[in-house]
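Trainee: 3D, please:
(2 chains)
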Amino acid sequence: METAEIIEKINHFMVEEFEVELGTITPQANLRETLQLDSLDYIDLVVVIESNFGFKVKAEDFTGIITFQDFYNYVIAKVGKQ
Amino acid sequence: MGIYSCIGKNMEEVRDALFQGKSGIILDPERKAFGYRSGLTGLVERPLLKGILDRRARVMLPEQGEFAYMATVEALKNAGIDDDYLDSHEIGIIYGNDSSAKPVMEAIDIIRDKKDTLLVGSGSVFQTMNSTVTMNLSTIFRFKGINYTLSAACASGSHAIGTGYHFIKTGLQDMIVCGGAQEVNIYSMGNFDALSAFSIRESAPATASRPFDRDRDGLVPSGGAATLVLESLESALKRGATILGEIIGYGFSSNGGHISNPTVDGPVRAINMSIKESGLMAKEIDYINAHATSTPVGDAKEAKAIDAVFGEARTPVSSTKSMTGHECWMSGASEIIYSMIMMKDGFIAPNINFENPDEDSAKLNIISKTLEKNIDVFLSNSFGFGGTNSSLIIRKGIK
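Mentor: Numbering: from 1, shown residues only, chains lettered A, B, ... in the order given. Now for the predicted structure:
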């Protein structure tokens, strides 16, 4: 899967599942604040990643993810290893 | 009051359906394909709540929770309860619900398939619990008083109202949202279907639910949700609320016998207890909304019980389940609303499909065509598995 395709897919499910405006999603935007994630939302984020990309996220993996760019990089790396 | 059912998605639609004797029963091919003996069911569409409730609230709501949300929005609006009132008063909630099969089935399927509980998502646990309706509605509407679900099989909704009435009567609460909710998905009724309790009159769905009729062959499962706002007289007068009715009797009993076979004695004791509390004589009750579900044995036992108490009074009786099917956990609450509509508009909704009486129903005054009649007081019966019985008596509100 191409990088651009991965980013587009991520942005699409962020808009659909977490109901944020596409315009608020920028590479440097804070993921947690933009999506207004609470502890329960992280569980749903794991579910949508699994259903869209086929790998399971561990809770500790989120530790280093601050921005959308961090999130893109994380998913791109994981998809690349598959 | 607010209602979301197979005969209408609001009070006005339901009023018209009741007056017209309209059935909400269909044959669902999906049930047949799934392995049901009977594919008959009440048809209740899920409301579209995207754009109305935020994502977090929607993720937590199972089907019957969505029905209950719709009914409660309407009930609070009709009762004149706005956001300011919700935030500044201690309002309680006691709601009848006794299953949440679909979210349970879906979660187990995911865990079996993925071998990972995490993938059921955040909403699953809140959707699967029996208390799902009250935990969700109390969150959405910010209720701050008593908050729990009451599970008593097909008498859940009625006992919820009776219990709410006691909380208000004893002065513990001024206002409680009461009701009942019932899911209608294919997972919810498979094990009930296994008991051969459902009608198999699939060639004519609208005639399948025929309480008290000689040729009845079983109940038709149905669902939705019904919400009532119970309030102390003092509170209602203080805020200038329209008082639609007054609960004057709540009777309850347990058969103390078989888990599914009904009795005559248990219902008689519940009915008599409610009448005693009301301070009325049986003949002063203008209408009986029977529990009668259209099962051969259940209807016969209730007919005997009604005859034993009301006998010579020949009190008009109808079972609105002839139109709605059996709304199970919801029915005790919805049938109070159906009866309240009749009391307000001066008619008795028909027991449709009542064509020929049997030995027991011949002793009752069963109303099979819409009858325009003033009702000042009515009684509503609800019975459930395990032999739980509930009877409520309501008098027309103070003008």
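
Trainee: Domain map for chain B?
Mentor: B:2-238, B:245-396 (automatic domain parsing).

Trainee: Quick one: end-to-end length of the shortest one, please.
Mentor: In other words, domain B:245-396. Start-to-end span of domain B:245-396 (C-alpha to C-alpha, to the nearest Å) is 4 Å.

Trainee: How about the residues of chain A by chain B?
Mentor: By the rule C-beta under 8 Å from any C-beta of the partner chain, the part of chain A lying against chain B is A:17-19, A:38, A:40-41, A:43-44, A:46-47, A:50, A:56. No exception for glycine: its C-beta is placed from N, CA and C like everyone else's.

Trainee: at 10 Å instead, please
Mentor: A:17-20, A:35-36, A:38-48, A:50-51, A:56-59 (C-beta under 10 Å from any C-beta of the partner chain).

Trainee: and whichever helix or strand residue B:394 is part of, which strands flank it?
Mentor: Under the criterion of DSSP states H and E, residue B:394 resides in strand B:388-396. Using DSSP bridges, the strands paired with strand B:388-396 in its sheet are strand B:245-254 (antiparallel), strand B:377-384 (antiparallel).

Trainee: Just give me the residue closest to the centre of chain A.
Mentor: Nearest to the geometric centre of chain A sits residue A:71, at 5.2 Å (C-alpha atoms, centre = their mean).

Trainee: Distance from the chain centre to the helix or strand where that one lies, please.
Mentor: Counting by DSSP H and E, the element that carries residue A:71 is helix A:68-81. Its chain's C-alpha centre and that of helix A:68-81 lie 8 Å apart, by C-alpha atoms, centre = their mean, to the nearest Å.

Trainee: What helices and strands are in contact with it?
Mentor: helix A:3-18, helix A:31-35, helix A:39-53 (3 or more C-beta pairs under 10 Å, 6 or more residues apart in numbering or on different chains; DSSP states H and E).

Trainee: Please enumerate residues in contact with the first one?
Mentor: What that stands for is helix A:3-18. Around helix A:3-18, the neighbours that count as contacts under C-beta atoms under 10 Å, 6 or more residues apart in numbering or on different chains are A:1-2, A:20-25, A:27, A:31, A:34-37, A:41, A:44-45, A:47-49, A:51-53, A:68-69, A:71-73, A:75-76, A:78-80, B:55-56, B:59.

Trainee: just stretch B:118-125 next, same as before
Mentor: A:38-48, A:50-51, A:56-59, B:55-62, B:103-104, B:106-111, B:113-114, B:117, B:127-128, B:132, B:136.

Trainee: Mind doing that once more with 6 Å?
Mentor: With contacts defined as C-beta atoms under 6 Å, 6 or more residues apart in numbering or on different chains, stretch B:118-125 is touched by A:40, A:43-44, A:46-47, A:50, B:59-60, B:103, B:107, B:110.

Trainee: Identify the farthest-apart pair in those residues.
Mentor: A:50 and B:60 (20.4 Å; C-beta to C-beta).

Trainee: If you count surrounding residues, which of those two has more?
Mentor: Neighbours per residue (other C-beta atoms under 10 Å in any protein chain shown) separate residue A:50 from residue B:60, with residue B:60 holding more: 21 against 16.

Trainee: what about the closest residue to that one other than its chain neighbours, neighbour count?
Mentor: Residue nearest to residue B:60 in three dimensions, not counting chain neighbours: residue B:126, with 4.4 Å by C-beta to C-beta, 6 or more residues apart in numbering or on different chains. By the criterion of other C-beta under 10 Å, residue B:126 has 20 neighbours.

Trainee: Point me to the helix or strand that includes residue B:126.
Mentor: Using DSSP H and E, residue B:126 sits in helix B:124-128.

Trainee: what comes into contact with the next helix or strand after that helix?
Mentor: Counting by DSSP H and E, the element after helix B:124-128 in chain order, helix or strand, is helix B:132-140. Helix B:132-140 is contacted by residues B:57, B:60-62, B:65, B:68, B:72, B:93, B:95, B:97, B:100, B:147-149, B:181 when judged by C-beta under 6 Å, 6+ apart.

Trainee: Just the ones of those residues in helices?
Mentor: Counted as lying in helices by DSSP state H, out of the contacts of helix B:132-140, are B:57, B:60, B:65, B:68, B:72.

Trainee: what sits against the nearest residue to the last one once chain neighbours are set aside?
Mentor: Take residue B:72 and drop its neighbours on the chain: the residue closest to it by C-beta to C-beta, 6+ apart is residue B:227, 4.4 Å away. Contacts for residue B:227 (C-beta under 6 Å, 6+ apart) come out as B:2, B:71-72, B:75, B:179.

Trainee: Recalculate using a threshold of 8 Å.
Mentor: B:1-3, B:68, B:71-72, B:74-75, B:95, B:177-179, B:333 (C-beta atoms under 8 Å, 6 or more residues apart in numbering or on different chains).

Trainee: Could you pull up phi and psi at it?
Mentor: Dihedral pair for residue B:227: phi -130, psi 130, per degrees, to the nearest 10.

Trainee: residues contacting residue B:285?
Mentor: Applying C-beta under 8 Å, 6+ apart, the residues contacting residue B:285 are B:275, B:310, B:313, B:315, B:377-379, B:393.

Trainee: run the last query once more with 6 Å
Mentor: So residue B:285 contacts B:315, B:377, B:379 (C-beta under 6 Å, 6+ apart).

Trainee: which residues does the last one contact?
Mentor: Read it as residue B:379. Residues near residue B:379 by C-beta under 6 Å, 6+ apart: B:285, B:288, B:393.

Trainee: Which pLDDT value goes with it?
Mentor: Here the pLDDT value assigned to residue B:379 is 98.

Trainee: Give me the neighbour count for residue B:172.
Mentor: Neighbour tally, residue B:172, other C-beta under 10 Å: 12.

Trainee: Once you drop chain neighbours, what's closest to it?
Mentor: Using C-beta to C-beta, 6+ apart, the nearest residue to residue B:172 is residue B:146, at 7.3 Å.

Trainee: ok, the one you found touching residue B:91?
Mentor: No: using C-beta atoms under 6 Å, residue B:146 makes no contact with residue B:91, being 9.2 Å away.

Trainee: In chain B, which residue sits nearest chain A?
Mentor: Nearest to chain A, among the residues of chain B, is residue B:122, at 3.9 Å (C-beta to the nearest C-beta).

Trainee: near chain A, which residues of the stretch 151-300 of chain B?
Mentor: With the criterion set to C-beta under 6 Å from any C-beta of the partner chain, the stretch 151-300 of chain B never comes near chain A.
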